[in-house]
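Peer 1: What shape does this take:
(chains A, B, C and D)
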Protein chains: 2
Amino acid sequence: MNDVARQAGVSLKTVSRVVNGETTVDPALAARVREAVASLGYRPNLGASLLRRADQRTGTIGLLLPDLVSPFSAALHRAIDAEVTRRGAQVLSGNVGHDPARERDLAETFARQHADGLIITPVAARQSHLAPDIPAVFVDRRARGWPADTVLATNHAGAKQAVEHLQRHGHRRIAYIGTMPGARRHGYRRAMAAAGLVKVERNDPEQALLEAPTALFTESRTVTVAAIRALQAAGMQRRVALVGFDDFPLADLLDPGITVVAQDPVAMGRAAARALFERIAGGTAEPRVISIPTTLIARGSGEVAIRGS
Amino acid sequence: MNDVARQAGVSLKTVSRVVNGETTVDPALAARVREAVASLGYRPNLGASLLRRADQRTGTIGLLLPDLVSPFSAALHRAIDAEVTRRGAQVLSGNVGHDPARERDLAETFARQHADGLIITPVAARQSHLAPDIPAVFVDRRARGWPADTVLATNHAGAKQAVEHLQRHGHRRIAYIGTMPGARRHGYRRAMAAAGLVKVERNDPEQALLEAPTALFTESRTVTVAAIRALQAAGMQRRVALVGFDDFPLADLLDPGITVVAQDPVAMGRAAARALFERIAGGTAEPRVISIPTTLIARGSGEVAIRGS
DNA sequence: CTGAAAGCGCTAACAG
DNA sequence: CTGTTAGCGCTTTCAG
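Peer 2: Numbering: from 1, shown residues only, chains lettered A, B, ... in the order given. Now for the predicted structure:
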């Protein structure tokens, strides 16, 4: 900045004013400064600037996702990106890879880089260890040990939709396939029990099929695809019904098309970004849980009627 | 840091040594410092540290992708992430959304945050405007106007694989469907011409089908999926052959399975990360183009024989 | 509208 | 092994 000042024939402070877009600078001087900036390839030093600056905002939001490869994460990312960009800020994202240590390291990195806030799909059981004293919002999984807003799909209602749909097609013996702990699975259990159905619970679709269920309900995209493969391998894709939690690309092009309870990642991402900006702006209300409804999309696999009925 | 020093009863410099992991500190003092750090919730100021530090490394790599949602980008991301993490650094990524202005802004942001290097899948026609005087490597599209290493799939060879495969199954009249300009499409043209085939070139699969080709070659995942939909809608998925460039999830579960020329995003990502670390370490060789081979994966759609043959 | 001086939090270079 | 001093690049405060 000193070099720029020298070349433009002004004081350092005037350069600072121009670089920061203050309007109280003589246009002729400002032009000379901008010229010098361009010719010297000057780039302001963010860290030095932040050292003294009153307003500590950097216009940067950190996003931590367990697995950037999943279609759900990707859609969430895009929605958050759109909302954050619309407000003139930027999203930088980090891939946690389901590793709590990396979750902590990335949160720490964002905090050291003075991100204005964090949006996190947590992978660790408790989040207290990463508390980086900057505004944060959780998405898709409830945060524990660290009060913050949380945006969730309404899993319990989603499970209810799936189970009642299968029940309407005559099914009584339904296998739940998945590995997820806690609240989400609990939602499925409650839905099954409430409907008075026989429940088979397994991690592996092939094992589940041995128990002769007439319908499958799968907990995530990964498990849904595994179930499709197992059904096709056994030639049973038209004899056992299947409803998956979470939509995925090409679900409509398979044969039969896969019926899913779709989350709404666009609404979830937008809600998370909005909640975060409220926190950044200084909102100090109690931590909220924001629920986003799910939708059942019938495509064929969930409408396979029970055998012999 | 001053507060920590006071509480631990040592000088500021000793705190600095402990925080930076220097080993020349009395263990008892170091323990006292760490205790004070924890109790005060002290977090070092990266910007201030960098201001004076000789080694300007931050252990951070910036990754710019045109669209984080695409499976290819996601796979690339994961591979880069793995290689960078293995070397003890972190990847922060930004979604460019095919917008040259955002590409520039994100590169600028990473530069200001002192990223050690950049990996970019460029979207702008020329990259000279974003040249952020830090080491950079391009992936998946050749960089123009800014000499840097580039990692590419061997498109020309990939097109040859596809065309020869279709030719072997009796096809002479092949539609190329895609919108991509420049080198990649050029590769397809050359491959077609070299094989002496009749080429129909269209953006839209439905239009292409009107020209009665016996086989389709699609340029990207998006176009491949559009072609699958068009073929299924016309009931022609077993009468017209299809080979797609770039593999995608569930391609094997469709009926027929979709034959593709698969890129190798894992190898591409690893090569890009390695090239970048060489540049960061000070390698000053001429800009290279690193080619990663493609593989034809036969799944059914590309082996549909020509009608009546 | 412009500039001079002080100091943000930290590390390099040098003593002890 | 530990401490002192100077100064990184910038913005603040305050005086012209």
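Peer 1: tell me the domain ranges of chain A?
Peer 2: Under the assignment automatic domain parsing, the domains of chain A span A:2-44, A:60-153+A:265-292, A:155-263+A:296-303.
Peer 1: Please identify which of those is closest to residue B:57.
Peer 2: domain A:60-153+A:265-292 (13.3 Å; C-beta to C-beta). No exception for glycine: its C-beta is placed from N, CA and C like everyone else's.
Peer 1: could you give the mean pLDDT of the closest one?
Peer 2: Computed over domain A:60-153+A:265-292, the mean pLDDT rounds to 90.
Peer 1: How about it and chain B, touching?
Peer 2: Yes. Using C-beta under 8 Å from any C-beta of the partner chain, domain A:60-153+A:265-292 reaches chain B at A:60, A:68-69, A:71, A:74-75, A:77-78, A:81, A:85, A:90-95, A:97, A:102, A:105-106, A:108-109, A:111-114, A:132-133.
Peer 1: could I get the domains of chain A as JSON lines with mean neighbour count and distance to DNA strand C?
Peer 2: Formatted as JSON lines, those follow (neighbours: other C-beta atoms under 10 Å in any protein chain shown; distance: least, C-beta to the nearest atom of the strand, whole Å):
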{"stretch": "domain A:2-44", "mean neighbour count": "15", "distance to DNA strand C": "3"}
{"stretch": "domain A:60-153+A:265-292", "mean neighbour count": "20", "distance to DNA strand C": "10"}
{"stretch": "domain A:155-263+A:296-303", "mean neighbour count": "19", "distance to DNA strand C": "38"}
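Peer 1: Of all those, which one is nearest DNA strand D?
Peer 2: Closest approach to DNA strand D among the domains of chain A is made by domain A:2-44 (3.2 Å; C-beta to the nearest atom of the strand).
Peer 1: Quick one: end-to-end length of the closest one, please.
Peer 2: In domain A:2-44, first residue to last residue: 11 Å (C-alpha to C-alpha, to the nearest Å).
Peer 1: ok now that domain, how far from the chain's centre?
Peer 2: Its chain's C-alpha centre and that of domain A:2-44 lie 42 Å apart, by C-alpha atoms, centre = their mean, to the nearest Å.
Peer 1: about what we covered before: from the residues of domain A:60-153+A:265-292 next to chain B, which land in helices?
Peer 2: A:71, A:74-75, A:77-78, A:81, A:85, A:102, A:105-106, A:108-109, A:111-112 (DSSP state H).
Peer 1: who are the neighbours in contact with residue A:152?
Peer 2: Taking C-beta atoms under 8 Å, 6 or more residues apart in numbering or on different chains, we find residue A:152 in contact with A:139, A:140, A:141, A:142, A:268, A:289, A:290, A:291, A:292.
Peer 1: strands paired with the helix or strand hosting it, and their directions?
Peer 2: Applying DSSP states H and E as the criterion places residue A:152 in strand A:149-153. When pairing is defined by DSSP bridges, strand A:149-153 lines up against strand A:136-139 (parallel), strand A:289-292 (parallel).
Peer 1: where does residue A:282 land in three-state SS?
Peer 2: coil (DSSP: H, G, I helix; E, B strand; the rest coil).
Peer 1: what are the phi and psi angles of it?
Peer 2: Dihedral pair for residue A:282: phi 110, psi 10, per degrees, to the nearest 10.
Peer 1: Distance of it relative to residue A:151?
Peer 2: Remark: distance between residue A:282 and residue A:151 (C-beta to C-beta, to the nearest Å) = 20 Å.
Peer 1: And for residue A:115?
Peer 2: Taking C-beta to C-beta, one finds residue A:115 at 19 Å from residue A:151.
Peer 1: residue in chain A nearest to chain B?
Peer 2: Nearest residue of chain A to chain B, counting by C-beta to the nearest C-beta: residue A:47, 1.9 Å away.
Peer 1: Neighbours of that residue, how many?
Peer 2: 20 (other C-beta atoms under 10 Å in any protein chain shown).
Peer 1: Leaving out sequence neighbours, find the closest residue to it.
Peer 2: residue B:47 (1.9 Å; C-beta to C-beta, 6 or more residues apart in numbering or on different chains).
Peer 1: Tell me if I'm right that that neighbour and residue A:44 touch.
Peer 2: No. In this structure residue B:47 lies outside contact range of residue A:44 using C-beta atoms under 8 Å: 11.5 Å.
Peer 1: Which strand or helix spans the nearest residue to residue A:211 once chain neighbours are set aside?
Peer 2: By the measure of C-beta to C-beta, 6+ apart, the closest residue to residue A:211 outside its immediate chain neighbours is residue A:200, 4.5 Å from it. According to DSSP H and E, residue A:200 maps onto strand A:198-202.
Peer 1: same deal with residue A:242?
Peer 2: Using DSSP H and E, residue A:242 falls in strand A:241-245.
Peer 1: Report the distance from the helix or strand just after that strand to the chain centre.
Peer 2: With elements assigned by DSSP H and E, the helix or strand that comes after strand A:241-245 is strand A:259-262. Distance of strand A:259-262 from the chain centroid (C-alpha atoms, centre = their mean) equals 18 Å.
Peer 1: Output the contacting helices and strands for strand A:259-262.
Peer 2: In terms of contacts (3 or more C-beta pairs under 8 Å, 6 or more residues apart in numbering or on different chains; DSSP states H and E), strand A:259-262 is packed against helix A:155-168, strand A:241-245, strand A:295-297.
Peer 1: For residue A:37, find the nearest of those.
Peer 2: strand A:295-297 (51.9 Å).
Peer 1: Report the rounded mean pLDDT for the closest one.
Peer 2: 97.
Peer 1: wait, residue A:269 sits on residue A:83?
Peer 2: Yes. With contact defined as C-beta under 8 Å, residue A:269 reaches residue A:83; the gap is 6.7 Å.
Peer 1: now the domains of chain A as TSV including distance to DNA strand D?
Peer 2: Formatted as TSV, those follow (distance: least, C-beta to the nearest atom of the strand, whole Å):
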stretch	distance to DNA strand D
domain A:2-44	3
domain A:60-153+A:265-292	13
domain A:155-263+A:296-303	42
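Peer 1: contacting residues for the spatially most central residue of chain A?
Peer 2: Closest to where the C-alpha atoms of chain A average out (C-alpha atoms, centre = their mean) is residue A:76, at 4.6 Å. Counting by C-beta under 8 Å, 6+ apart, residue A:76 makes contact with A:65, A:121, A:139, A:140, A:265, A:268, A:269, A:272.
Peer 1: Would you point out the most distant pair within those residues?
Peer 2: A:65 and A:268 (12.4 Å).
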